[in-house]
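Q: Here's a sequence, model it:
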Amino acid sequence: MGRQLLGDTGHASARHSTELETTGRVGVVSMDKILHFLLAFMIAIAVGGVTENSTFGLIAGLVAGVGKEILDAFTGGTVELLDFVAAAGGSLLAFVIIKLFGRY
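A: Sure, this is the predicted structure:
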C-alpha cells in the first residue's frame with residue numbers, strides 16, 4: 001500500500017521530481033512563482049542588509065517585481081499579476097525577517 005502512495009520508485013522525492021519535470025509545478029505552485037518569490041526575497045534581503053534599512057529592502061524587492069512585469073510587457077513575455085504577488089510576498093517576508101532579527 002505504501003508503494004502505491006509513493007509511486008513506482010518508493011520515494012516521495014522522485015514523485016515530486018517527475019511532477020516538476022512534466023508540469024513545471026510543485027504541488028499547486030508553479031516553479032515560475034517560486035522563482036519570483038525567491039528572487040525578490042534575495043533582492044530585499046541584500047538591499048535591506050547593505051543599506052541597513054528594511055524599508056529600502058522591501059521597496060527594492062517590489063520594484064524588481066514591477067520591473068520584471070514591465071520588461072515582460074515590452075519584450076513579448078506574459079504579464080501576470082500573480083508573478084508580482086509572488087515577488088511582493090518574497091519582499092514582505094524579507095522585510096519581516098530584517099525587522100525581527102536585524103538591528104534596524
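Q: The helix or strand hosting Leu58: what's the following helix or strand?
A: Leu58 belongs to helix 54-75 when assigned by DSSP states H and E. On the C-terminal side of helix 54-75, the closest following helix or strand by DSSP H and E is helix 81-101.
Q: Tell me, how many residues neighbour Leu81?
A: Using other CB atoms under 10 Å, Leu81 has 8 neighbouring residues. From N, CA and C alone the C-beta is placed, and that goes for glycine too.
Q: got any ranges where this structure has weak pLDDT?
A: 1-26, 104 (pLDDT under 70).
Q: To what extent is Gly57 buried, counted in neighbours?
A: Using other CB under 10 Å, Gly57 is surrounded by 28 other residues.
Q: Identify the residue spatially nearest to it, adjacent ones excluded.
A: Among residues not flanking Gly57 along the chain, Gly48 sits closest, at 2.4 Å (CB to CB, 6 or more residues apart in numbering).
Q: doesn't Ile98 make contact with the one you found?
A: Yes: assessed by CB atoms under 8 Å, Gly48 is found in contact with Ile98 at 4.6 Å.
Q: So for those two, which sits in the more crowded spot?
A: Counted by other CB under 10 Å, Gly48 and Ile98 do not tie: Gly48 has more neighbours, with 26 against 23.
Q: quick one on the thing from earlier: can you list the neighbours in contact with the helix or strand that contains the residue nearest to Gly57?
A: Assessed by DSSP H and E, Gly48 sits inside helix 31-51. For helix 31-51, contacts defined as CB atoms under 8 Å, 6 or more residues apart in numbering pick out 20, 24-26, 54-58, 60-62, 64-65, 68, 82-84, 86-91, 93-95, 97-98, 102.
Q: swap in stretch 58-75?
A: With CB under 8 Å, 6+ apart as the criterion, stretch 58-75 contacts 36, 39-41, 43-44, 46-48, 77-80, 83-84, 86-88, 90-92, 94-95.
Q: what is in contact with Gly48 and Ile98 at once?
A: Common neighbours of Gly48 and Ile98, using CB under 8 Å, 6+ apart, are 54, 57.
Q: if we can go back for a sec, by how many degrees do the helix holding Leu58 and helix 81-101 diverge?
A: Relative orientation of helix 54-75 and helix 81-101, computed by axes from the mean of the first three to the mean of the last three CA atoms, to 10 degrees: 160 degrees.
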